[in-house]
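J.: test case, fold it:
(2 chains)
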Amino acid sequence: MQDKVKVEARNIAMSYGKTQVLRDINLVIEPGEFFALLGPSGSGKSTLLRLIAGFNQAQSGRLLIDGEDISRVPPWHRNVGMVFQNYALWPHMTVHENVAFGLEERRLPNSVIERKVAAVLELVGLKEFGSRRPSQLSGGQQQRVALARTIAIEPKVLLLDEPLSNLDAKLRVHMRVELLALQRKLGVTTIFVTHDQEEALSISDRVAVLDAGVIQQIGTPVELFDRPVNRFIANFVGTANMFAGSLRPGAGGMVFESAALGTLLLPGAPAALAGAVEIAFRPHVVTLVEAGTAPGGGGIRLKGTVAAREFLGEFIRYVVTVGANEIVADQAHYTDARKFEPGDAVDLGIQPEQIRVLRA
Amino acid sequence: MKRAAFTLPQAAVALLIAAFLIVFLVLPVGTVIYVAFADPDGGFTLSHFSSFFQLSLMRESFWNSLYVATLSVVFASLIALPLAYFTVRFQFRGALAIQTLGVLPLIMPPFVGAVAMQLIFGRSGSVNLILNDWFGFTLPIMDGLNGVIFVEALHYFPFILMNLVVALNNIDSAMEESAQNLGASGFRLFRRIVFPLAMPGYVAGASLVFVKVFDDLGTPLVLHQTNMLAPQAYLRITSIGIEDPVGYVISVLMIGFSLFALWASALALKGRDYASLQRGGSSLAKRTLTQWQSTLAYGWIACVLLLVLSPHIGILLLSFGKVWSFSVLPDSFTLEHYATVAQDSPHMVWNTMLYCGLAALLDVILGTAIAYLILRSRLPLRQSLDFMASAALAIPGVVLAIGYLRTFRGVEMPFTDELLTSSWILIMLAYTIRRLPYALRSCVAALQQMHVSLEEAAENLGAGKRRTIQRIVVPLMAGGILAGFITSFMTAAVELSATLMLTASQTNAPMSYGIYLYMQSAAGRGPGAALGVLAVLMVALGAYLSHRFLRSRATALDQQI
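T.: Numbering: from 1, shown residues only, chains lettered A, B, ... in the order given. Next comes the predicted model:
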């Protein structure tokens, strides 16, 4: 096994003609890390990945792998393995030939090639499939071949471009567990691109969220979920109720004022944020009780009317009208749980420490 | 409610089409094959084949045909391969010019330009006169079989070019990038990844060129290279007579080679379901050329263009030239050839319009009906209609004509005393059958693009089958139908193989026959060229119109989706 390497991007900017696709990208990916680039389509995440592979050229900035600037190194000398979204298996070659390709390009002796191909095919569980053509394999098998072909060259860094997007839902969950296990076994620094937040949060060590060519936030999955730094992150990672208003010091701590919700006491909010702000809170931190029922454990209370509900299995998602606005509230579901009907008057309870204050 | 497998009108239409195809395709071709293998008592024999191979002239013709077809493919490939790679791989403005080259073989068949080519590249043609004056040597470009190979390769290389360009454009850029990612670059990348992926396209184009050259009757005849299979079949039947078995043996051999070439291209595609693996993604990355490289590329492409256009330039010069012999250019220019044509042969222009118009009309009617039956009905054996109609691809024009002459000899046209074999009906029907595969593909493609739900919506709103076809299917297929019509018309207008054999009298002759006849004599070259220019203009106009129409239609359909 090779030494684990660090990947660094410094002040990278890139544009296609007049369209700026990446702005001031700064990233440090630690050796052996499983790192996700998450963002909606058009956010620049694939462009960044292709830049690391050498298929795109940045106009400015530096790209370092293992401390070495590789910005000017052509793709075929980078030793950065990439698994393509559509796998890009060559249809005129067998599975064995596909996997052997990179080793042959490295002019390794035949005996070594044979040994390595057999080893990686065994690793991905396709030992018996060497003589098949790619078109004779299922989607999941094709993906394993693409993976085997890439790890056969023992790349310094492994790049995965939406690796699971072409698989069906069940297989996707299965493959992502396998992918993580394989990465841990090989210890190779891995960067993978996805637009699926669940996928990014479930298997990566850290995630960089991109939007409009800018990295919005870098953090562990829990940090992104609990401490979003802006409106985009709060909405893109999970679901959030958001309200604009102003924050000012008051008796007993900071006070949030808005036309939508009136005055709310947020004792824990940082005084530094005073001024125009937005507040965000997750649907599952809102508790619903029948109107007039005794409050449980204090906190913020609001009055509202159930407008709609959706049964989602583990929980029921209620849309509650509060004044002229709507708040989404998820209530855990279990047999005999209290259910509300559209039109029911309800009281909403929120613990102030669950409310995140964002600079507007 | 369970639908019936098919409706009565569907079955009736299918039977009518089947009857037509059997009488005018299966029966004549079957007759040819039967005669080739039948002894005088009707039993099976190979004696015709053995006597064929005992004739040294026939053995020579056999090898000559193979040699010419093979070398034409080689030279056409040499022209097409670099051009295709250039347009797909590099960013430069010549791409459009090269695409225009693709319609040239449609616009002018090789036999029309052959005489002009002799005047330009022949022993005492323009090029060799200049070479001899300046450098004291000449090139035997047009001598003997060389001339046939040269003319055919120049005319048919676009078939390889077009197929190759499409194949290269269909390669997903990820195919190339993944190879680069694994360490491949430069020529190794091309040899191991790009070329193998484009191979099916190349083979498809190459086999088409092989078949076209093998079947071509006009070029060898015009260049007086009669020791080849197609001219021999023609000469045998026209001079010795319809009974001579050697003509039939040649026919069977020609069908055999056509089938072989089609089989080879099918084989190249087999087991390589490339489409399913290449979804999404963009085409191969384009590189920019340096100043120096692009100068070189433009220069080289200009040379190729000049070469490719030389028959067209030559025929134009010939049509305006007063005397053009042993000189680089005609001595003086005149309009009298056009006057001659206007006086002698306006009926030929009219005949071409009539035969080709009717043939193209029949083609699109048959094509639409067959396409509808294959794709939308559950008629048993409906695929056999498709198979029969497409099988015409493998039948050379000479063979079909021989089949007609033999099958319908002595048959009189209803209500007249005229023999069917001496009327123009057979010429028209031969055009119909030979162009049907192309028209059919066009119609099938048009119908395939149309979702069934569009028809179901009409039925749901109360339109019956007939009304649905009339108000929904045909209007939506109009683009494909028109494209099929124009392609059929254009290619029929310049078809010579069947025309030569089936034209019974001067009054029935279409333009292609007229051009050939004029070209036979030195004095007729000028008017022949003038008639050729008219034919080219007619066909070019058709090509341009269909291109325009298809483009505007393509954008309209895009907006719809």
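
J.: chain B contacts on chain A?
T.: A:53-55, A:74-82, A:84-92, A:101-102, A:105-106, A:133-135, A:142, A:149-150, A:153 (Cβ under 8 Å from any Cβ of the partner chain). The C-beta positions use only the backbone N, C-alpha and C, and glycine is treated the same way.

J.: repeat the analysis, applying 7 Å as the threshold.
T.: With Cβ under 7 Å from any Cβ of the partner chain as the criterion, chain A comes near chain B at residues A:53, A:55, A:74-76, A:81-82, A:84, A:86, A:88-92, A:101-102, A:105-106, A:134-135, A:149, A:153.

J.: these, buried ones only, as a ChimeraX selection?
T.: Buried residues among these (16 or more other Cβ atoms under 10 Å in any protein chain shown), as a ChimeraX selection:
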select /A:53,55,75,76,81,82,84,86,88,89,90,91,92,101,102,105,134,149,153
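
J.: now, the residues of chain A next to chain B that are in helices?
T.: Among the residues of chain A next to chain B, the members falling in helices are A:53, A:101-102, A:105, A:149 (criterion: DSSP state H).

J.: so which of the residues of chain A next to chain B are in strands?
T.: A:81-82 (DSSP state E).

J.: okay, the ones in helices among the residues of chain A next to chain B in a markdown table with distance to B:Ala401 and pLDDT next?
T.: Formatted as a markdown table, these follow (distance: Cβ to Cβ, whole Å; pLDDT from 0 to 100):
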| residue | distance to B:Ala401 | pLDDT |
| --- | --- | --- |
| A:Ala53 | 60 | 90 |
| A:Phe101 | 52 | 90 |
| A:Gly102 | 57 | 88 |
| A:Glu105 | 56 | 86 |
| A:Arg149 | 55 | 92 |
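
J.: and those residues, which is closest to B:Gln180?
T.: A:Ala53 (8.6 Å; Cβ to Cβ).

J.: now that closest one: closest residue in space, sequence neighbours ignored.
T.: Spatially, and ignoring its direct neighbours in sequence, A:Ala53 is nearest to A:Met82 (4.7 Å; Cβ to Cβ, 6 or more residues apart in numbering or on different chains).

J.: which residues are in contact with that neighbour?
T.: By Cβ atoms under 7 Å, 6 or more residues apart in numbering or on different chains, the contact list for A:Met82 reads A:53, A:150, A:159, A:161, B:181.

J.: do you have the strands of the stretch 1-150 of chain A handy? List them.
T.: Assigned by DSSP state E, counting those that start in this stretch, the strands in the stretch 1-150 of chain A fall at A:7-16, A:19-29, A:34-38, A:60-65, A:68-69, A:80-83.

J.: got the ones you listed as a markdown table, with mean pLDDT columns?
T.: As requested, the strands of the stretch 1-150 of chain A are arranged in a markdown table below (pLDDT from 0 to 100):
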| stretch | mean pLDDT |
| --- | --- |
| strand A:7-16 | 92 |
| strand A:19-29 | 92 |
| strand A:34-38 | 95 |
| strand A:60-65 | 92 |
| strand A:68-69 | 91 |
| strand A:80-83 | 90 |
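
J.: now these as a markdown table including distance to A:Thr263?
T.: Converted to a markdown table, these look like this (distance: least, Cβ to Cβ, whole Å):
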| stretch | distance to A:Thr263 |
| --- | --- |
| strand A:7-16 | 44 |
| strand A:19-29 | 39 |
| strand A:34-38 | 36 |
| strand A:60-65 | 47 |
| strand A:68-69 | 55 |
| strand A:80-83 | 53 |
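
J.: about what we covered before: scan the contacts of A:Met82 and report the most crowded one.
T.: The most neighbours of any of the contacts of A:Met82, using other Cβ atoms under 10 Å in any protein chain shown, belong to B:Asn181, which has 28 neighbours.

J.: where does the stretch 1-150 of chain A get nearest to chain B, which residue?
T.: Relative to chain B, the nearest point of the stretch 1-150 of chain A is A:Gly102 (3.2 Å; Cβ to the nearest Cβ).

J.: how much space separates that residue from B:Ile79?
T.: Look at A:Gly102 and B:Ile79: by Cβ to Cβ, to the nearest Å, they are 35 Å apart.

J.: repeat that for A:Ala280.
T.: Taking Cβ to Cβ as the measure, A:Ala280 falls 66 Å from B:Ile79.

J.: who are the contact partners of the residue most central in space within chain A?
T.: Closest residue to the average C-alpha location of chain A: A:Ala200 at 3.2 Å, with Cα atoms, centre = their mean. Applying Cβ under 7 Å, 6+ apart to A:Ala200 gives the contacts A:36, A:38, A:194, A:207.

J.: next one: B:Asn163
T.: By Cβ under 7 Å, 6+ apart, the contact list for B:Asn163 reads B:201-202, B:204-205.

J.: looks to me like A:Val207 is in a strand.
T.: Yes. With DSSP: H, G, I helix; E, B strand; the rest coil as the criterion, A:Val207 is part of a strand.

J.: just give the closest residue to residue 113, not the sequence neighbours.
T.: You didn't pick a chain, so chain A it is. Excluding its sequence neighbours, the residue lying closest to A:Ile113 (Cβ to Cβ, 6+ apart) is A:Leu103, at 4.5 Å.

J.: think we crossed wires, I meant chain B
T.: Using Cβ to Cβ, 6+ apart, the nearest residue to B:Gly113 is B:Pro311, at 2.7 Å.

J.: surely the one you found touches B:Met117?
T.: Yes. Here B:Pro311 reaches B:Met117: they are 5.5 Å apart, a contact under Cβ atoms under 7 Å.

J.: by contact count, what packs against the longest helix along chain A?
T.: Ranked by number of residues, the top helix in chain A under DSSP H is helix A:169-186. Packed against helix A:169-186, as judged by 3 or more Cβ pairs under 7 Å, 6 or more residues apart in numbering or on different chains; DSSP states H and E, are the following elements: helix A:139-151, helix A:197-203.

J.: for the longest one, which positions count as buried?
T.: With burial defined by 16+ other Cβ under 10 Å, the residues of helix A:139-151 counted as buried are A:140-151.

J.: cool, thanks, talk later.
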